[in-house]
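Visitor: Fold the following.
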Amino acid sequence: MNMPIEFTVFLILIGLACGLVSTQIRVSPALTCLTALYFFLPVIGMPVDQYISIVIATILVACLPMHLYHWLTAMKAGRVEYSLLLKYAPGLAMGGVIGAQLVSLSNVEVLLAFISFTLLLNIFISVLEWQVHQQRSVPNFPLPIGLLAGGMSVLGANDGHTVARLLYQLHPHSNENRDGTLHGMSVFLSFSALIGFVFPALQPVAISHIVASDAWLAGAIYIPAALALGAGLLFGSLLTRWQVSHYEHKILLACFNLYLIVCLFRIWQ
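Guide: Okay, here's the model as predicted:
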């Protein structure tokens, strides 16, 4: 596939680690991948800022197999809130396509601002103990809400998992069906973003001076990297077989939030 074997192994290892972490503490795999790649890609001579649209597109597509697997598993076990999923899925899908187009048109500073907002939103959702249990607290405009959430998620290099967590917490549903529903929302958003990235409004910067050829670049998606990263994410998520206590989960989340704060400083330094 014209991608150096060292880069392939690097992406698989990143995917394994991010899949393990995101599944264990129930955070967005796209979020963990983006922050990890932002630290390590410059080491191999690929600054994220210069190829940010390719990085965002490749990460969101790489997360799709993991979300799809866990969503299908949850559906088989009957642990999906179909009413909530179908309520926001159309808006998220539309937002995914529009967000992908906006990514190709936006400059680096705008995208970094949205990414920073996504990091802060994830910290906000993790820290706050939400006590909203009445559905009337959420405006009954699912299509525009989903459209806005989907578009902002893609612009922030997110697979929709973060805003889906917020939407789920604002509705009175069982916690047992939470993960399956979030994965389902992410599937709709990631797949629609894939379509948008394959046909971007503006073609991304060529990467032929880093890899052997641009032939495997489908729009803004670098297919070999998406396959390697996606395989690592999926297998990493399957390695998570043990359960942590509520106290341990809080400690892990606190450490992850601290890591996100460090990433914010790294992005804007």
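Visitor: Pro90 contacts Leu143, doesn't it?
Guide: Yes: in terms of Cβ atoms under 8 Å, Pro90 counts as a neighbour of Leu143; the distance is 6.2 Å. Bear in mind the C-beta positions are built from the backbone N, C-alpha and C, glycine included.
Visitor: so after the lowest-mean-pLDDT helix or strand in the chain, what's the next helix or strand?
Guide: The weakest-scoring helix or strand in the chain, judged by mean pLDDT, DSSP states H and E, is strand 217-218 (a mean of 84). Using DSSP states H and E, the next helix or strand after strand 217-218 towards the C-terminus is strand 221-222.
Visitor: what packs against that following strand?
Guide: helix 52-76, helix 178-198 (3 or more Cβ pairs under 8 Å, 6 or more residues apart in numbering; DSSP states H and E).
Visitor: List the strands paired with the least confident helix or strand of the chain, with their directions.
Guide: Using DSSP bridges, strand 217-218 pairs in its sheet with strand 221-222 (antiparallel).
Visitor: Is it correct that Gly150 is in contact with Ala89?
Guide: No: using Cβ under 8 Å, Gly150 makes no contact with Ala89, being 9.5 Å away.
Visitor: out of these two, which sits in the busier spot?
Guide: Taking other Cβ atoms under 10 Å, Gly150 and Ala89 do not tie; Gly150 has more neighbours (32 against 20).
Visitor: Need phi/psi at that one.
Guide: Note on Gly150: backbone dihedrals following degrees, to the nearest 10 are phi -70, psi -50.
Visitor: Give me the pLDDT for it.
Guide: Looking at Gly150, its pLDDT is 95.
Visitor: Distance check, the nearest residue in space to it that is not next to it in sequence against Leu189.
Guide: Nearest non-adjacent residue to Gly150, counting by Cβ to Cβ, 6 or more residues apart in numbering: Gly95, 2.1 Å away. The spacing between Gly95 and Leu189, counted by Cβ to Cβ, to the nearest Å, is 7 Å.
Visitor: which neighbours do these two share?
Guide: Common contacts of Gly95 and Leu189, defined by Cβ atoms under 8 Å, 6 or more residues apart in numbering, comprise 150, 153-154.
Visitor: secondary structure class for Leu253?
Guide: The three-state label for Leu253, taken from DSSP: H, G, I helix; E, B strand; the rest coil, comes out as helix.
Visitor: contacting residues for the residue lying closest to it once chain neighbours are set aside?
Guide: Of all residues not flanking Leu253 in the chain, Ser126 sits nearest, at 5.2 Å (Cβ to Cβ, 6+ apart). Shown in contact with Ser126 (Cβ under 8 Å, 6+ apart): 27, 253, 256-257.
Visitor: For these, which single residue is the most surrounded?
Guide: Counting by other Cβ under 10 Å, top hit in the contacts of Ser126: Val27 with 23 neighbours.
Visitor: That one looks like it's in a helix, true?
Guide: No: in this structure, Val27 is coil, not part of a helix, as judged by three-state DSSP.
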